[in-house]
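> Predicted structure and sequence below. I'll ask about it afterward.
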Amino acid sequence: MASKRSIFRLSSQLLAESQTAIRPQPRQCSRAVNINAIRHFSATRQRRLMDLSGFTEEQLTVRDAIQKICAQFPNEYWQQHDQSETDPKELHAALAADGWLGIALPEEFGGAGLGISEATMMLQTISQSGAGMAGAQSIHANVYATQPLAKFGNKEQLESTIPDIISGKTRVCFGVTEPNTGLDTLRLKTSATRQGDKYVITGQKIWITCAQVASKMILLARTTPLEEVTKPSEGLSMFCIDIDKSNPALELKKIKKMGGRAVDANEVFFDHYEVPANTLIGTEGQGFKIILHGMNAERCLLAGEALGLGYAAIEKAAKYAKERVVFGRPIGKNQAIAHPLADAYMNLEAAKLSAYNAARLYDRSTKDKSISQHAVGVACNSAKYLAAEAAFRACERAVMTHGGMGYAAEYDVERYLRECLVPRIAPVSREMILNFVSEKVLDLPRSY
Ligand SMILES: Cc1cc2nc3c(=O)[nH]c(=O)nc-3n(C[C@H](O)[C@H](O)[C@H](O)COP(=O)(O)OP(=O)(O)OC[C@H]3O[C@@H](n4cnc5c(N)ncnc54)[C@H](O)[C@@H]3O)c2cc1C
């Protein structure tokens with residue numbers, strides 16, 4: 001029962017305090033409490049659209065506690081941060097203060113030792129609170145990008161990084177995408193060349209979320225040129241590097257974007273940027289295999305984030321449809337309004353089952369070798385696809401249900417619609433997931 005023990009470490013006192021104040025200073029959670037104590041302090045569960053049957057006690061506990069933290073950050077907070085493009089550092093601090101950034105990190109380094117099943121619930125709850133993708137993205141790399149680090153990093157690397165990530169002192173970003181290779185990740189061009197006790201990095205990344213506020217990057221770079229490897233998946237390596245903004249060999253350029261504007265997205269330029277050789281995680285040349293570990297986790301978290309946004313949108317739409325009276329009747333009395341919302345809800349529920357099944361397989365596969373990595377990959381990709389599509393449908397219908405008010409920032413659903421496109425595009429597009437399933441499940445010829 002390691003996982004249960006771990007979650008009890010999130011003290012009830014801290015959870016209670018988090019109701020009233022945002023503590024800027026991170027602190028360690030160490031006192032043992034029992035699950036009933038946590039539930040005692042949790043908010044009375046409101047009637048929510050999402051069916052909660054079948055979730056584990058741990059998942060429900062996470063949900064209650066995260067809801068309570070997020071209640072400090074109402075929709076107005078997210079509207080303002082979206083409009084002013086200001087980092088939601090208070091949410092990051094509040095989650096760090098209560099130890100939540102270590103939800104899926106090992107207990108021996110201060111984490112809760114829970115799994116991606118609980119982390120997905122955490123990210124969904126953040127998104128569903130109205131924080132949307134912006135709120136979730138402000139912390140999600142700290143959860144998924146650290147998975148390969150925790151699994152493949154050596155003791156020294158873990159001791160020097162994980163506690164600071166959990167306490168919130170260090171924020172992490174994930175550097176994979178490149179402007180010239182896009183989804184063809186294996187052909188990425190950023191190189192890391194070993195020179196004595198350091199690596200010299202040269203190349204360009206794009207769309208790197210939170211690079212402005214992060215001090216570490218989990219980086220995928222090529223250590224052996226493509227021409228010299230037998231398979232493109234070889235010769236890539238994973239690093240956990242410092243982001244030293246004062247170093248002229250590193251440049252960050254913020255990208256103006258459509259949604260999730262509270263979190264920054266960046267172009268990152270490396271021009272002979274030197275990092276110590278001990279920033280290499282695992283074996284040189286095995287980076288792609290290593291990073292896949294984080295990518296499957298990321299798909300589950302993104303699925304959760306999309307679901308959160310979808311449920312938030314549909315909840316707002318149902319409320320509005322009950323209240324708004326036109327032609328002398330609530331608009332929700334019209335089946336043209338009610339049916340699309342019912343349909344969107346059912347799609348969210350189906351995607352929810354897929355997402356939590358994928359997360360469960362991901363977690364169990366570490367101990368149960370009968371669960372193949374192929375099965376995990378298919379489940380995680382499918383879940384991300386289905387959740388992203390369901391969220392899009394829900395957000396689009398929520399805007400249409402609101403009529404003109406759907407276009408007003410005050411009603412939030414326009415923000416949700418802008419943000420819900422992200423899980424359709426990233427970290428892998430829906431087209432590439434369809435390609436993957438066509439080839440790897442249906443055994444159809446590869447199309448690209
Ligand atoms: C808000 C946001 C945040 C992001 N955060 C990060 C981050 O933190 N770190 C990071 O590394 N990356 C990040 N990304 C990048 C994201 O993962 C990529 O944008 C995504 O993987 C798509 O790659 P691309 O933009 O290069 O698209 P491209 O590869 O240029 O593809 C363009 C279009 O063509 C389609 N396409 C391409 N090839 C095929 C094919 N063979 N068959 C069918 N269709 C095809 C794609 O599906 C897509 O619709 C982020 C992106 C966004 C928008």
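Thanks, I have the structure now.
> For the stretch 1-150 of the chain, which segments count as helices?
For the stretch 1-150 of the chain, applying DSSP state H, counting those that start in this stretch gives helices covering 2-8, 12-17, 35-41, 57-70, 75-84, 89-97, 116-126, 132-144, 146-152.
> Which of those comes out lowest on mean pLDDT?
Sorting the helices of the stretch 1-150 of the chain by mean pLDDT places helix 35-41 lowest, at a mean of 36.
> who's in contact with the spatially most central residue of the chain?
The residue at the geometric middle of the chain, judged as the C-alpha nearest the mean C-alpha position with CA atoms, centre = their mean, is His140 (3.7 Å). Under the criterion of CB atoms under 8 Å, 6 or more residues apart in numbering, the contact partners of His140 comprise 123, 298, 301-302, 305. Where C-beta positions appear, they are placed from N, C-alpha and C, glycine not excepted.
> As TSV, those with secondary structure and neighbour count would be great.
TSV is the format used below for the contacts of His140 (DSSP: H, G, I helix; E, B strand; the rest coil; neighbours: other CB atoms under 10 Å):
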residue	secondary structure	neighbour count
Leu123	helix	30
Glu298	helix	25
Leu301	helix	31
Leu302	helix	31
Glu305	helix	33
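> Put together TSV for the residues you listed, with distance to Ser429 on each row.
TSV is the format used below for these (distance: CB to CB, whole Å):
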residue	distance to Ser429
Leu123	20
Glu298	14
Leu301	17
Leu302	12
Glu305	16
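> List of residues touching stretch 355-371?
Outside of stretch 355-371, the residues within contact range by CB under 8 Å, 6+ apart are 55, 59, 115-117, 119-120, 296-297, 299-300, 303-304, 307, 372-373, 375-376, 379-380, 382-384, 386-387.
> ok, back up a step: would you mind giving the helices of the stretch 1-150 of the chain as JSON lines with distance to the ligand added?
As requested, the helices of the stretch 1-150 of the chain are exported to JSON lines (distance: least, CB to the nearest ligand atom, whole Å):
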{"stretch": "helix 2-8", "distance to the ligand": "27"}
{"stretch": "helix 12-17", "distance to the ligand": "29"}
{"stretch": "helix 35-41", "distance to the ligand": "32"}
{"stretch": "helix 57-70", "distance to the ligand": "21"}
{"stretch": "helix 75-84", "distance to the ligand": "13"}
{"stretch": "helix 89-97", "distance to the ligand": "15"}
{"stretch": "helix 116-126", "distance to the ligand": "14"}
{"stretch": "helix 132-144", "distance to the ligand": "6"}
{"stretch": "helix 146-152", "distance to the ligand": "14"}
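> which residues does the residue in the stretch 251-400 of the chain that the ligand sits nearest to contact?
Proximity of the stretch 251-400 of the chain to the ligand (CB to the nearest ligand atom) peaks at Ala265, 5.1 Å away. With contact set as CB under 8 Å, 6+ apart, Ala265 has these partners: 207-209, 254-255, 257.
> Show me which residues of the stretch 251-400 of the chain sit near the ligand.
The interface of the stretch 251-400 of the chain toward the ligand, taken as CB under 6 Å from any ligand atom, is made up of 260, 265.
> count of residues packed around the nearest residue to Glu118 once chain neighbours are set aside?
Distances taken as CB to CB, 6 or more residues apart in numbering place Val62 nearest to Glu118, at 5.0 Å, with adjacent residues excluded. Val62 is surrounded by 27 other residues when neighbours are defined as other CB atoms under 10 Å.
> I figured Val62 was touching Gln124, is that so?
No - assessed by CB atoms under 8 Å, Val62 is found out of contact with Gln124, at 9.6 Å.
> ok, which stretches of the stretch 201-350 of the chain are helices?
Using DSSP H, counting those that start in this stretch, helices in the stretch 201-350 of the chain cover 287-323, 335-365.
> Cool, thanks, talk later.
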